[in-house]
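Asker: Attaching a predicted model along with its sequence, questions to come.
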Amino acid sequence: MTDPLLAEWTAPYGLPPFAAIGDGQFGPAVEAALARARAEVAAIADDAAPASFANTIEALERSDEMLDRVLAVFYTLVGTDSNPAREGLQRDFAPKLSAYATEVTMNTALFARIEDLWARRDALELSDEQARVLMLTRRGFVRRGAQLEGFARDRLAEVMSRLAVLGTQFGQNLLADERDWSMPLGETDLEGLPGFVLEALRAAGEGTGTERGAPTLTLSRSVIVPFLQFSPRRDLRETAWRAWTARGANGGETDNRDIAAEILALRAERANLLGYDSFADYKLETEMAKTPAAVRALLMRVWTPARKAAEADAVRLTAMMYGDGVTGDLAPWDWRYYAERRRAAEHDLDEAVLKPYIQLDRMVEAAFACAARLFGLSFAPVDVPLHHPDARAWDVSRDGRHMALFVGDYFARPGKRSGAWCSAMRAQRNLDGEVRPIVLNVCNFARPPEGASALLSYDDARTLFHEFGHALHQMLSDVTYGSVSGTSVARDFVELPSQLFEHWLDVPEIMAEFATHAETGAPMPRDMLDRLLAAGTYDMGFQTVEYVASALVDLDFHSEEPPADPMRRQAEVLAAIGMPPAIGMRHATPHFAHIFTGDGYSSGYYSYMWSEVMDADAFAAFEEAGGPFHAETARRLEEQILSVGGAVAPEAAYTGFRGQMPGVAPLLKGRGLIEA
Ligand SMILES: [Zn+2]
């Protein structure tokens, strides 16, 4: 019997045969794919022929192809639709994959070939992309310990394996805490809630398997945030907020606090073994920021005006609260509620009136329309078997040429990891003939009632555009080597395409065309649209404070001595920067998945801000050239940034697009934190 995971995939677009794949098949398939990868790596290392770019670097690019293919299916499923069996597999795979990666890095014969190529690099007549792939490959080996010997070598392997296990556990604990908590709401608990919040609560109730349609509070952001914004019941808001912020800190088996401490200690040890003072020094060396000091300088530059703005807002919100007869201090569970009332009053924006105009389907169309105008892309819905019934797919083409398959999986459900993300089920590459990507956008929007349109907040629509910006980075990729394809770029550069694309949501003609009422089909009235866009920087002090606080804690954790008690250190960092007491961190330590479930954003949560410096400036390039859809600027954006992935160094890519690197001023202006 052939394993469907390992056989050739004959479904349209080379999609995996999802229906034929059972969870029981992943274990054997991963073993088989690992065996194959090991055999290929051994063949490269033991090749009797002298090292060449083709027989070493290109061969390495190919060696993991089957493993990548199997794992892409697995991680798509475990990320969007987890269950105990899949979580068990994930725990099982983590140390095995870490061991394999270490084995490759520590293969001395293989590394000797890479070093040989590196020494002769100027004589190899490599293309620019090949030279960069060689540099990145060698750098990856060195940074994973290829030059270590003796104890340090063995210890690093142990550390890496343990980190893989802990990161997996952290994410699974968080998912368990999010899944396990729910609170049914009685009739009197619902007073004052607008209809769309009631709908979200009812949909959440169905998801938890409670009595059909019973309104239930869950810890999904798409449920809890609207509840905190709109419930006049201060007691319930407090309960909700405390449950939400306790994720990963509830004691017992799913508590993440000790795991966080162990991860931080092991990362520091890892950095020390590799010759760095701190994990942040190690991590930032290959980012645009380069040093912890550069990151801190940017974050503090933004922090100071943001805190000032938030403190001024806190005074206004406290006065409103007193007006309700509530005394005492404004609490974190009060902020969103009074901020929403203030927004309604000052900008005359009622979310309940606004929301029917922001339909998910139309916002997807809006994103497609922007991509069509900027890059000439066309999107045609296709009916193909996908990983979940919620998911939908579109064939993406340009001038009749297939560019990508785009998959959107938009609704929150139990078993789906929280947040929103973009991944490539298959990355673009041209090494052995052109391979076009399969790109996935995953969000956690509230599911609509049966037969109704899914409605978004303006923030949700922004998330949709953000992830679609990442998708464009994948879909427009045009490189030879998969290792530098699409979003395989420096972490503090990767948010540039995504955050830049958010700017098109704020282009008035886009909302004017695509914001239409779910029931009447009428376009959003012009004055409502004007008020919505004018409120763009509303509550930006709060948003900036909650984000920068998380970024500063992340930076401290990884640049200073690792804390034995991360919660205490977190409190110390917040005290030192003067965190406003009525604002919580966007992600506190026990549920800070960005930095603890893997290496990705560790000492890298600042990346959004670093990229924002560039996205503010990059969008200005369009405006200066003649408008948001200026064709030549879009062409240059694709040519210099979106198509080259990691094949070009980020500074060179950005400078190629814009001529020079930007300063911080456009970012502060964009956030309304300095006078325009
Ligand atoms: Zn992003």
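Answerer: Nice, I can see it. Just so you know, these numbers come straight off a predicted model, no measurement behind them. Numbering: from 1, shown residues only.
Asker: for residue 265, what are its contacts?
Answerer: Applying CB atoms under 8 Å, 6 or more residues apart in numbering, one finds that residue 265 lies in contact with residue 562. Placement of C-beta: from N, CA and C, glycine included.
Asker: if we go to 10 Å?
Answerer: Listed by CB atoms under 10 Å, 6 or more residues apart in numbering, the contact set of residue 265 reads 159, 561, 562, 563, 564.
Asker: how near is it to residue 273?
Answerer: Relative to residue 273, residue 265 is positioned 13 Å away (criterion: CB to CB, to the nearest Å).
Asker: shared neighbours, the two?
Answerer: Overlap of the contact sets of residue 265 and residue 273 (by CB under 10 Å, 6+ apart) consists of residue 159.
Asker: quick one on the thing from earlier: just the ones of the contacts of residue 265 in strands?
Answerer: Per DSSP state E, strands hold no members of the contacts of residue 265.
Asker: Quick check: which ranges of the chain have low pLDDT?
Answerer: Low-confidence regions of the chain, defined here as pLDDT under 70, cover residues 1, 209-212, 675-676.
Asker: okay, now residue 423: neighbour count?
Answerer: As a burial measure, the neighbour count of residue 423 was computed by other CB atoms under 10 Å and equals 21.
Asker: typo on my end, it should be residue 512
Answerer: Close neighbours of residue 512, defined as other CB under 10 Å, add up to 13.
Asker: Same question for residue 225.
Answerer: 18.
Asker: Just confirm residue 183 is within a strand.
Answerer: Yes - under the criterion used here (DSSP: H, G, I helix; E, B strand; the rest coil), residue 183 sits inside a strand.
Asker: Name the nearest residue to it, ignoring sequence neighbours.
Answerer: residue 217 (4.4 Å; CB to CB, 6 or more residues apart in numbering).
Asker: And the one you found, how close does it get to residue 255?
Answerer: When distances are taken as CB to CB, residue 217 and residue 255 turn out to be 22 Å apart.
Asker: who's more crowded, those two?
Answerer: Neighbour comparison, residue 217 and residue 255: the larger count goes to residue 217, with 25 against 16 (by other CB under 10 Å).
Asker: now that one, what's its secondary structure?
Answerer: Secondary structure, three-state DSSP: residue 217 is strand.
Asker: so who does it touch?
Answerer: Applying CB under 10 Å, 6+ apart, we find residue 217 in contact with 181-185, 189, 200-201, 204-205, 208, 223-224, 227, 231, 236, 239-240, 243-244.
Asker: ok, 7 Å please
Answerer: Shown in contact with residue 217 (CB atoms under 7 Å, 6 or more residues apart in numbering): 182, 183, 185, 201, 223, 224, 227, 240.
Asker: got the contacts of residue 265 as TSV, with neighbour count and distance to residue 310 columns?
Answerer: Formatted as TSV, the entries for the contacts of residue 265 read as follows, by neighbours: other CB atoms under 10 Å; distance: CB to CB, whole Å:
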residue	neighbour count	distance to residue 310
159	20	39
561	11	30
562	20	30
563	19	26
564	10	31
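Asker: From the residues you listed, pick the one nearest residue 449.
Answerer: Comparing the contacts of residue 265 against residue 449 with CB to CB picks out residue 563 as the nearest, at 46.3 Å.
Asker: for the closest one, what are its contacts?
Answerer: Residues touching residue 563, when contacts are defined by CB under 7 Å, 6+ apart, comprise 261, 264, 557, 569.
Asker: Can you tell me how far it is from the ion?
Answerer: For residue 563, the distance to the ion (CB to the ion, to the nearest Å) stands at 28 Å.
Asker: and the gap between that residue and residue 248?
Answerer: In this view, residue 563 and residue 248 are 16 Å apart by CB to CB.
Asker: List phi and psi for residue 324.
Answerer: The main-chain torsion angles of residue 324 are listed as degrees, to the nearest 10 and equal phi -80, psi 0.
Asker: Residues of this protein that sit close to the ion?
Answerer: Residues of the chain lying near the ion by CB under 5 Å from the ion: 495, 498.
Asker: Centroid-nearest residue for the chain?
Answerer: Nearest residue to the geometric centre of the chain (CA atoms, centre = their mean): residue 421, 4.5 Å.
Asker: Grab the nearest non-local neighbour of the closest residue to the ion within the stretch 401-550 of the chain.
Answerer: For the stretch 401-550 of the chain, the residue closest to the ion is residue 498, as judged by CB to the ion, at 4.2 Å. Across the structure, with CB to CB, 6+ apart as the measure, the residue nearest residue 498 apart from its sequence neighbours is residue 469 (3.7 Å).
Asker: what's near enough to touch the one you found?
Answerer: Taking CB under 7 Å, 6+ apart, we find residue 469 in contact with 497, 498, 499, 500, 501, 502.
Asker: what about the strands in this protein?
Answerer: Using DSSP E, the strands assigned to the chain run over residues 182-184, 216-218, 378-382, 392-398, 401-411, 421-426, 438-445.
Asker: With adjacent residues omitted, what lies nearest to residue 223?
Answerer: With CB to CB, 6+ apart as the measure, residue 204 is the residue that lies nearest to residue 223, at 4.8 Å, once sequence neighbours are left out.
Asker: same question but for residue 611, I mixed them up
Answerer: residue 495 (3.5 Å).
Asker: just residue 339 next, same as before
Answerer: Sequence neighbours aside, residue 539 is the residue nearest to residue 339 in space, at 5.0 Å (criterion: CB to CB, 6+ apart).
Asker: Ramachandran coordinates for the one you found?
Answerer: Dihedral angles of residue 539 (phi, psi; degrees, to the nearest 10) stand at phi 60, psi 30.
Asker: Excluding sequence neighbours, find me the nearest residue to residue 185.
Answerer: By the measure of CB to CB, 6+ apart, the closest residue to residue 185 outside its immediate chain neighbours is residue 215, 4.6 Å from it.
Asker: In this structure the one you found contacts residue 199, no?
Answerer: No - counting by CB atoms under 7 Å, residue 199 is not a contact partner of residue 215; they are 9.2 Å apart.
Asker: More neighbours: which of those two?
Answerer: Using other CB under 10 Å, the more surrounded residue of residue 215 and residue 199 is residue 215, with 23 against 20.
Asker: Between the contacts of residue 217, which sits nearest the ion?
Answerer: When the contacts of residue 217 are compared for distance to the ion (CB to the ion), residue 224 wins out at 21.1 Å.
Asker: which one is that closest one nearest to, not counting chain neighbours?
Answerer: Residue 224's closest residue in space is residue 244 (CB to CB, 6+ apart), at 5.1 Å.
Asker: so how many other residues sit close to the one you found?
Answerer: 24.
Asker: same thing with residue 339?
Answerer: In terms of burial, residue 339 registers 21 neighbours under the definition other CB under 10 Å.
Asker: residues contacting it?
Answerer: For residue 339, the contacting residues are 317, 539, 542, taking CB under 7 Å, 6+ apart as the criterion.
Asker: TSV for the residues you listed, including distance to residue 551 and neighbour count?
Answerer: Conversion of the contacts of residue 339 to TSV gives the following (distance: CB to CB, whole Å; neighbours: other CB atoms under 10 Å):
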residue	distance to residue 551	neighbour count
317	24	22
539	18	19
542	15	21
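Asker: Show me which of those residues is closest to residue 307.
Answerer: For the contacts of residue 339, the residue nearest residue 307 by CB to CB is residue 542; the value is 10.4 Å.
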